[in-house]
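K.L.:
need a 3D model of the following:
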Amino acid sequence: MAEFQGVFNRCYVEIEKIAQSEEWRWLCDRPNADPEMKTHLGDVLHYLSEAMGCLENAN
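P.N.:
Take a look at the predicted model:
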């Protein structure tokens with residue numbers, strides 16, 4: 001279980017870096033970009049956080 005927590009934590013940190021990067025913001029702000037891009041990445045972080053909480057509760 002600790003291995004899963006480590007992987008989830010690393011993924012969360014890396015995805016959060018992407019969400020906060022200027023490159024990501026630039027991609028989201030392009031005229032032809034999917035208007036839901038920011039929302040989808042935010043959803044990924046939310047559900048990853050939920051999964052991390054489930055692991056913590058399983059201990």
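
K.L.:
just give me the longest helix of the chain.
P.N.:
As assigned by DSSP state H, the longest helix anywhere in the chain is helix 37-58.

K.L.:
how many neighbouring residues does K38 have?
P.N.:
Here the number of neighbours of K38 (other C-beta atoms under 10 Å) works out to 16. Heads up, the C-betas are built off the backbone N, CA and C, glycines and all.

K.L.:
any idea how far the residue nearest to it when sequence neighbours are not counted is from H46?
P.N.:
Closest residue in space to K38, ignoring its immediate chain neighbours: C28 at 5.2 Å, by C-beta to C-beta, 6 or more residues apart in numbering. According to C-beta to C-beta, to the nearest Å, C28 stands 17 Å off from H46.

K.L.:
and for K38?
P.N.:
Separation of K38 from H46 (C-beta to C-beta) stands at 12 Å.

K.L.:
circling back to that earlier point, what about the residue nearest to K38, how many residues nearby?
P.N.:
Using other C-beta under 10 Å, C28 has 16 neighbouring residues.

K.L.:
tell me the contacts of the residue nearest to the spatial centre of the chain?
P.N.:
Central residue of the chain (C-alpha atoms, centre = their mean): L45, 3.1 Å from the mean position. Contacts of L45 were listed using C-beta atoms under 8 Å, 6 or more residues apart in numbering, and they are Y12, I15, E16, A19.

K.L.:
same thing but 6 Å
P.N.:
By C-beta atoms under 6 Å, 6 or more residues apart in numbering, the contact set of L45 is I15.

K.L.:
for M52, same thing?
P.N.:
If a contact means C-beta under 6 Å, 6+ apart, then M52 has F8 as its contacts.

K.L.:
any idea how far V7 is from it?
P.N.:
Counting by C-beta to C-beta, the gap from M52 to V7 is 10 Å.

K.L.:
picking that back up, would you mind stating the distance between the residue nearest to the centre of the chain and D29?
P.N.:
Using C-beta to C-beta, we find L45 at a distance of 19 Å from D29.
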